[in-house]
Each structure stands twice: as C-alpha cells, then as structure tokens.
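Chemist: Predicted structure and sequence below. I'll ask about it afterward.
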Amino acid sequence: MLSRFLILALLTCFVQAVEVRDSRAKMGSPFEITVLAESEAEARHLIEAAFAEIDRLEAMISSWQPQSQTSAINRAAGGDGVVVSQELFNLIRRSLKISQLTDGAFDITFAGVGNLWDLSSGRLPNPMKVKQALALVDYHAVELNPKTREVRLSRPGVRIGFGAIGKGYAANRAIVKIRELGGKSALVNAGGDMVATGVRENGRPWSILIADPRAPDRVFAELALTEQAVVTSGDYERFMIVDGKRYSHIINPKTGYPVDSLQSATVICPDGELADGLATSIFVMGPVAGMDLINRLPRVECILVDAQGRIHYSHNIQSQLIVKENSP
C-alpha cells in the first residue's frame, strides 16, 4: 500500500503544467492574461472568468458608458449625492487617500482638463480653456458619506475618472478571481500594468523586463515578480511633438499641462491598484519629490528614468533586480 501511494505521489509531481495566454482589448487598452494550470481547459476557464471580472469592473467605473455608476455621479455634479456600490465607494475613497498622500499629484477629477489634450491632433489646447477646466480639477470636491454610500461632486462641471488607477485595480481583481477558482500561477498585463501570482513552471518567478523609454527594444533591468505588481508610466506611448517639444498624456492636475521631468516611472509593490496610482503620481511629482515619497513607503520600490536619461533606484530595489544592463 505504501509503495502504491509513493508511486501516485511521484506521478503527481511529474504532471506538466500547461501555460495558456489570451489577449483582448479592455478599458481602451490591450489586456493579456497568462495562466498555468494542469490542463488547457482549466487554464481557459480561469482566463474567461478573469476577463468577465474585468468586463464587470469596466461597466462600473467607465465614464464613457452612460449606464455606469461613475457616469451617474458625473451627471449629478453640483446636485445630490449618488448612492453607489460599496466596491465603487471604497475605490473612490482609496483614490482620495492617494491624492492626500501625493498632495494632489494624483487626482481622479483631472479628466476635465485631460480631455482637452487631443494628442492625435498635433495641436496644443487653447490656454484659456485649460485655465477654465483647471478650476474644476479638485479632489476636495468629491464628498463621501460612508453611512449612505453616497458620492457627491460639490460643484457643477466636476468629473471623476479612473484612467490613472482603473487598470491596476482591474488587474488586481483578475488575479483575485483566478485564485478564488483555484488557480495558483498567473500573470495579468493590463496595458502595461503587471500583477503576478505564483511562479512559472520551472519554479522561478515571473520575469518582467524594463525597457529604455527612448529605445523600447533595449532592456536595462529585469525584475523577479511573484505576488507583486509592476506598473510603468511613461511619456513614450502616447505623446505628440509640437515645435520640437514632447507632450505626453500624463497631465499635472495642478497646471493642466503634461509633465516633462521624467521619461518613465516604474513602481513595484504588492498591489496593482496602488502601483498604478503611485506611478502616475511620481511621474507628476518628478524625480526628487517622487523618489522621496517612495523611499518613505513600506514595501514599495521604484525605478525612475529622468528627462536626461539617467536611472534612479529606490533604496531597496536591488534586492528585486535580477539583471541590470547598460543604462539608457
């Protein structure tokens, strides 16, 4: 009997995991989910459940879908509060905490001014319109009532949006859904927001490459990732050049204009939502203030590439760095 159990145990150890990857457009970005499972059928079941969870979240937080709770909040700006789900209420509350932590470098009300920047047009927005829209960018205008779960925007014209945190939250929730259904190893790439759980088939962590913002084919760092998130904000994916100056999609909520003190900001921490919010925040804050903030936060690290192409590492990042090649 003992021999039989020993043989079964050995056979179980040699069951080869199957890696399945699927990519789909979600939240205006490419989402890629990779799952390791005992069979392809199981892996695809987990992937479908994860994408269904992402669809559910998009229907809740999208400011472009008129039936979403977020759109209802925006329509009621300046009037009564809107009762929302506990999930959305908590997401908004956490977003406001990041705003407080970063002194407004992160602000979910920035969409009003952000929408003025049409990078595909190759033209700068009217400065007067930027100034007018900037008056409606203020996270203090978002009022929360925990007892009733009401969210109220105190002034007409104020709008909230989750473009700077929504993908990270969705990646988090996709991983949670996979684990709830028994999955043990997965990587979610939500348009560049990476969240990983478990390890690869060879027992090693997931490997995440950090590229030179000015030469995407050139890797200068490789990170080992498990039960962690890596999010990069940069000026290289969406931008326009006007009169020789680069304007990216990352807007400073305090000025209404794109920031230019960094080429990229990569944040590593256990939470995809927080990493997403912080990556945007420190890009806005710049290399000095941004690095100072990260070095004060527990279990949060970053890699910054400044406007001159110099690389800056937070205090404890070397413990997670596998390969460091030539600097950008």
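Modeler: Done, it's in.
Chemist: Dump stretch 76-85 to CSV, restricted to CA.
Modeler: Taking Å, rounded to 0.1, in the frame of the first residue of the first chain, the C-alpha atoms of stretch 76-85 are listed here in CSV:
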residue,chain,number,x,y,z
ALA,A,76,-25.3,64.7,-10.7
ALA,A,77,-22.3,67.1,-10.2
GLY,A,78,-23.4,70.1,-8.1
GLY,A,79,-26.6,68.4,-7.0
ASP,A,80,-27.5,65.5,-4.7
GLY,A,81,-25.2,62.6,-3.9
VAL,A,82,-25.5,59.3,-5.8
VAL,A,83,-25.7,56.0,-3.9
VAL,A,84,-23.1,53.6,-5.3
SER,A,85,-22.0,50.1,-4.6
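Chemist: That stretch: which residues count as buried?
Modeler: Residues of stretch 76-85 classed as buried: 76-77, 81-82, 84 (neighbour count, 16 or more other CB atoms under 10 Å). C-beta here means a position set from N, CA and C on the backbone, and glycine is covered the same way.
Chemist: Check the model's average confidence along it for me.
Modeler: For stretch 76-85, the per-residue pLDDT values average out at 98.
Chemist: wait, V188 sits on A171?
Modeler: Yes: under the criterion of CB atoms under 8 Å, V188 is in contact with A171, at a separation of 4.4 Å.
Chemist: by contact count, what packs against the longest strand along the chain?
Modeler: When every strand of the chain is counted residue by residue (DSSP state E), the longest turns out to be strand 215-225. In this structure, strand 215-225 packs against strand 206-212, strand 321-324, with contacts taken as 3 or more CB pairs under 8 Å, 6 or more residues apart in numbering; DSSP states H and E.
Chemist: Any idea which of those strands has the lowest pLDDT on average?
Modeler: If the helices and strands packed on strand 215-225 are sorted by mean pLDDT, strand 321-324 sits at the bottom with a mean of 53.
Chemist: what pairs with the host helix or strand of R246, and is each one parallel or antiparallel?
Modeler: Secondary structure assignment for R246, by DSSP states H and E: strand 245-248. Counting by DSSP bridges, the strands paired with strand 245-248 are strand 239-242 (antiparallel).
Chemist: With only the CA atoms kept, save the longest strand of the chain in PDB.
Modeler: As requested, the backbone C-alpha atoms of strand 215-225 are provided in PDB (Å, rounded to 0.1, in the frame of the first residue of the first chain):
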ATOM      1  CA  ALA A 215      14.600  52.600 -27.300                       C
ATOM      2  CA  PRO A 216      11.900  50.100 -26.400                       C
ATOM      3  CA  ASP A 217      13.900  47.200 -27.800                       C
ATOM      4  CA  ARG A 218      16.700  47.800 -25.300                       C
ATOM      5  CA  VAL A 219      16.200  46.300 -21.800                       C
ATOM      6  CA  PHE A 220      18.100  47.800 -18.900                       C
ATOM      7  CA  ALA A 221      16.500  45.900 -16.000                       C
ATOM      8  CA  GLU A 222      14.800  42.600 -15.300                       C
ATOM      9  CA  LEU A 223      12.600  42.100 -12.300                       C
ATOM     10  CA  ALA A 224      11.600  38.900 -10.500                       C
ATOM     11  CA  LEU A 225       7.900  39.000  -9.800                       C
END
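Chemist: where does E42 land in three-state SS?
Modeler: Using DSSP: H, G, I helix; E, B strand; the rest coil, the secondary structure recorded for E42 is helix.
Chemist: Let me see the mean pLDDT of the following helix or strand past the strand holding R246.
Modeler: Using DSSP H and E, the helix or strand that follows strand 245-248 in sequence is strand 262-269. Mean pLDDT, computed over strand 262-269, is 96.
Chemist: What of stretch 128-147?
Modeler: For stretch 128-147, mean pLDDT is 96.
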